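K.L.:
Test case, fold it:
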Amino acid sequence: MVKVIRVHKPGGPEAMVLEEVEVGEPGPGEARIRHTVIGLNYIDVYHRSGLYPLPAPYGVGMEGAAIVEAVGDGVTNVAVGDRVAYADPPPGAYCEARLFKASRLVKVPDSVDDESAAAMMLKGMTVEYLVHRTFEVQAGMTVLFHAAAGGVGLIAGQWLKALGVRAIGTAGGPEKCALAKAHGFAEVIDYDNEDFEARLKEMTDGKGVPVVYDSVGAATWEKSLNCLQPRGMYVNFGNASGPVPAFDPGKLAAGGSLYMTRPSLMAYNASDDELALSAGRLMDMVGSGKVKIEVNQRYALADAVQAHTDLEARKTTGSTVLLP
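P.N.:
As a prediction, the model looks like this:
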């Protein structure tokens, strides 16, 4: 029997309950993995709350670092004893051990520790697809990245700096702004005290930017469109303040033939080859030291309710992990 967090009815953090279940033996193409560290991400809130519906009862959590305990028939990419990490459906990482599709596991090199591996897969591969494949940034560009002090933001700031990009971030309050600036952002706008649209226009001599990366959503989308250059791209990859409401596509035309996309990591890493590409770039960035993973909060698995409470209250910075 292993401990696992499950949701029987979507709701607030208290909807998550700690239970014990049998894991069983891996079937063909599967591996049984035992977590050493579990990653926590905002998508976990969406699953728990029902914003992204799942058939109940269901697990929560999309990433973790683990040791392979057993493999099923036909598994050749991992072996018993391997250190692995993942960020892939189905949800259910909030547990001590689980069965998982072996082809979606990534081996972790010695240059990356377990905490970093567990905390970086979803956030780090999100940064990879955003800056390399959704809108491929180039050295010398200026971009706007919201929630710069969050887990994705702190990785993005370092990654963009390594690529020679001038990254302007937004964050709430002087402490978070300082944190973001310490992680690669050239400038950071305090959107609790400044109008980020006006400030961004000042910083770019009125030109705006070719791309805005936005995981905030409802509170930032409209001004984000106004920050774009003609034919710029608005990349809405999260809904921390609520989803972007329905709007007239004519607004994109009025802004100068703007583009808007709502990408997801699962779509960009749908194939095993895409996963290998994304994870490989991430492992190289972290292993080289160009990107450091900041794990600023640690909770016991049994304290997942408190972890979600703090995450939604914006009390966390960088990455958060659960320890089984």
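K.L.:
okay, Leu154: pLDDT?
P.N.:
Leu154 carries a pLDDT value of 93.
K.L.:
what does Asp82 give?
P.N.:
Asp82 is given a pLDDT of 98.
K.L.:
That one touches Ala65, doesn't it?
P.N.:
No. Judged on Cβ atoms under 8 Å, Asp82 makes no contact with Ala65 at a distance of 11.3 Å. Every C-beta, even on glycine, is put in place using the N, C-alpha and C of the backbone.
K.L.:
of the two, who's got more company?
P.N.:
Ala65 (28 against 16; other Cβ atoms under 10 Å).
K.L.:
Now do the contacts for the more buried one.
P.N.:
Listed by Cβ atoms under 8 Å, 6 or more residues apart in numbering, the contact set of Ala65 reads 35-39, 83-85, 108, 114-115, 117-118.
K.L.:
One more pass at 6 Å, please.
P.N.:
36-37, 85, 114, 117-118 (Cβ atoms under 6 Å, 6 or more residues apart in numbering).
K.L.:
and it, that's in a strand?
P.N.:
Yes. Assessed with DSSP: H, G, I helix; E, B strand; the rest coil, Ala65 lies in a strand.
K.L.:
what sits opposite it in the beta ladder?
P.N.:
Judged by DSSP bridges, the bridge partners of Ala65 are Val37, Ala85.
K.L.:
then stretch 231-246 to CSV, C-alphas only?
P.N.:
What follows is stretch 231-246, C-alpha atoms only, in CSV (Å, rounded to 0.1, in the frame of the first residue of the first chain):
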residue,chain,number,x,y,z
ARG,A,231,1.8,41.5,-36.2
GLY,A,232,3.1,40.6,-32.7
MET,A,233,2.0,37.5,-30.8
TYR,A,234,0.1,37.2,-27.6
VAL,A,235,0.9,33.9,-25.9
ASN,A,236,-1.7,33.1,-23.2
PHE,A,237,-0.4,29.9,-21.5
GLY,A,238,-2.2,30.1,-18.1
ASN,A,239,-5.2,31.5,-16.2
ALA,A,240,-3.9,32.4,-12.7
SER,A,241,-6.4,35.3,-12.5
GLY,A,242,-9.1,33.5,-14.5
PRO,A,243,-9.5,32.7,-18.2
VAL,A,244,-9.4,35.3,-20.9
PRO,A,245,-13.0,36.2,-21.7
ALA,A,246,-14.6,35.9,-25.2
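K.L.:
For that stretch, buried residues please.
P.N.:
Neighbour counts using 16 or more other Cβ atoms under 10 Å place 232-241, 244 of stretch 231-246 among the buried residues.
K.L.:
Out of the residues you listed, flag the one nearest to Ala180.
P.N.:
Ala240 (15.3 Å; Cβ to Cβ).
K.L.:
Which per-residue confidence value corresponds to the closest one?
P.N.:
83.
K.L.:
name the element it belongs to?
P.N.:
Ala240 is located outside every helix and strand, with elements delineated by DSSP states H and E.
K.L.:
contacting residues around it?
P.N.:
If you count contacts by Cβ under 6 Å, 6+ apart, then Ala240 has 215-216 around it.
K.L.:
phi, psi of the residue nearest the centre of the chain?
P.N.:
For the chain, Lys123 is the residue whose C-alpha lies nearest the centre (Cα atoms, centre = their mean; 2.9 Å). For Lys123, the backbone dihedrals (degrees, to the nearest 10) come out as phi -70, psi -40.
K.L.:
hmm, back to that, show me which of the buried residues of stretch 231-246 is closest to Asp192.
P.N.:
The closest of the buried residues of stretch 231-246, once distances to Asp192 are taken by Cβ to Cβ, is Ser241, at 13.0 Å.
K.L.:
Tell me if I'm right that the closest one and Ser215 touch.
P.N.:
No. Look at Ser241 against Ser215 with Cβ atoms under 6 Å: they stay out of range, at 9.4 Å.
K.L.:
re the thing from before, by neighbours, which of the contacts of Ala65 wins?
P.N.:
Ala118 (30 neighbours).
K.L.:
give the contact list for that one.
P.N.:
Neighbouring residues of Ala118 by Cβ under 6 Å, 6+ apart: 37-39, 64-65, 321.
K.L.:
mind checking how far it is from Val106?
P.N.:
12 Å (Cβ to Cβ, to the nearest Å).
K.L.:
Next, the contact list for the residue nearest to the centre of the chain, please.
P.N.:
Counting by Cβ under 6 Å, 6+ apart, Lys123 has contacts 151-152, 155.
K.L.:
let's see it at 8 Å
P.N.:
39, 41, 151-152, 155, 319.
K.L.:
Correct me if wrong: Val71 contacts Asp82.
P.N.:
No. Shown here, Val71 and Asp82 do not form a contact pair, counting by Cβ under 8 Å, at 9.3 Å.
K.L.:
Need the residues touching each of those two.
P.N.:
Contacts common to Val71 and Asp82, judged by Cβ under 8 Å, 6+ apart, are absent.
K.L.:
got the phi/psi numbers for the residue nearest to Glu96 when sequence neighbours are not counted?
P.N.:
Of all residues not flanking Glu96 in the chain, Val2 sits nearest, at 4.1 Å (Cβ to Cβ, 6 or more residues apart in numbering). Backbone torsions of Val2, given as degrees, to the nearest 10, read phi -130, psi 150.
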